[in-house]
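Colleague: next input, structure requested:
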Amino acid sequence: MDDELRPDEIVERSARLRARAAKLLEHSLALRHEKQRLRLEAPGRILEHIGREEAGSPWTVKNIASCGPVPVGSLSVDPAMVKSQLLHGLYVVVVDDNEDARTINATLLETHGATVLTAVGAKEALELLVRRGVPDVLVSDIAMPGRDGLWLIRELRSREDDLATVPAIAVTARVQDEDRRVILASGFQAHLPKPTNSDELVATILHVVKQARPSSS
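Modeller: Residues are numbered from 1 along each chain as shown. Sure, this is the predicted structure:
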């Protein structure tokens, strides 16, 4: 029959399926490793990512008011914070349709003292934000079924209430330069790649929160 596969096509398709399965397994193992690391790692290491300038830093931050790039190295943190919960008192909303990624990020942030609410999609997240009030920071995936993270941030930025200025961090597998440009232009203050580096995530949250709050001077 015309629709039957030739032997060489069967071999090629099998190879593609094996490669895809290996990639999925690799991602799953990375998530599992990160989850185990969260149980063992002391919070003090996060300060290694704060107040340090690195050439070719994989993430940049934009201030909502100025809309200009803010160098990561401009952040200063009291060393006394090493002995405390770095995110104590912060209210964070985590949005991700992937249960493992959502659980890992929520667990990490709660470990460092944050109050965390989660949503499995952009529409649910918007309803949660309207119902529960403005968080200190939003941490959202981009590629999600139905409404995505770009839709969510555009909806927030178009509002006429306090939700319009909520600091937001995109955590996504979309890591190309054009992806970063679109994500930041849409209203996110920072862009982090998946799988998430826990130290970078906490450091980025501290940074965008500091930038969003008015100076005490």
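
Colleague: just the helices in the chain please.
Modeller: All helices of the chain, identified by DSSP state H, fall at 7-40, 99-111, 122-132, 149-157, 177-186, 198-212.

Colleague: lowest confidence element among the helices and strands of the chain?
Modeller: One helix or strand of the chain scores below all others by mean pLDDT, DSSP states H and E: strand 61-62, with a mean of 38.

Colleague: quick one: low-confidence residue ranges for the protein.
Modeller: Along the chain, segments meeting pLDDT under 70 span 1-7, 9-11, 13-84, 215-217.

Colleague: let's see 80
Modeller: For the chain, the stretches flagged by pLDDT under 80 are 1-84, 214-217.

Colleague: any idea how far Tyr91 is from Asp161?
Modeller: The gap separating Tyr91 from Asp161 is 16 Å, by C-beta to C-beta, to the nearest Å. C-beta here means a position set from N, CA and C on the backbone, and glycine is covered the same way.

Colleague: more neighbours: which of these two?
Modeller: Higher neighbour count among Tyr91 and Asp161: Tyr91, with 15 against 9, using other C-beta atoms under 10 Å.

Colleague: can you verify my assumption that that one contacts Asp136?
Modeller: Yes. Counting by C-beta atoms under 8 Å, Tyr91 touches Asp136, with 5.2 Å between them.

Colleague: how about the nearest residue to Val120, chain neighbours excluded?
Modeller: Spatial nearest neighbour of Val120, excluding adjacent residues (C-beta to C-beta, 6 or more residues apart in numbering): Asp97 at 5.4 Å.

Colleague: then Thr196?
Modeller: Among residues not flanking Thr196 along the chain, Val171 sits closest, at 5.4 Å (C-beta to C-beta, 6+ apart).

Colleague: what are the neighbouring residues in contact with the one you found?
Modeller: Residues near Val171 by C-beta atoms under 8 Å, 6 or more residues apart in numbering: 96, 101, 105, 139-141, 192-194, 196, 201.

Colleague: okay, those residues in JSON lines with distance to Thr118 next?
Modeller: Formatted as JSON lines, the contacts of Val171 follow (distance: C-beta to C-beta, whole Å):
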{"residue": "Asp96", "distance to Thr118": "8"}
{"residue": "Ala101", "distance to Thr118": "10"}
{"residue": "Asn105", "distance to Thr118": "8"}
{"residue": "Val139", "distance to Thr118": "10"}
{"residue": "Ser140", "distance to Thr118": "11"}
{"residue": "Asp141", "distance to Thr118": "11"}
{"residue": "Leu192", "distance to Thr118": "17"}
{"residue": "Pro193", "distance to Thr118": "20"}
{"residue": "Lys194", "distance to Thr118": "16"}
{"residue": "Thr196", "distance to Thr118": "14"}
{"residue": "Leu201", "distance to Thr118": "15"}
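
Colleague: buried subset of these?
Modeller: 96, 101, 105, 139-141, 192-194, 196, 201 (16 or more other C-beta atoms under 10 Å).

Colleague: ok, Val208 - contacts?
Modeller: Applying C-beta under 8 Å, 6+ apart, the residues contacting Val208 are 61, 137, 167-169, 189-190.
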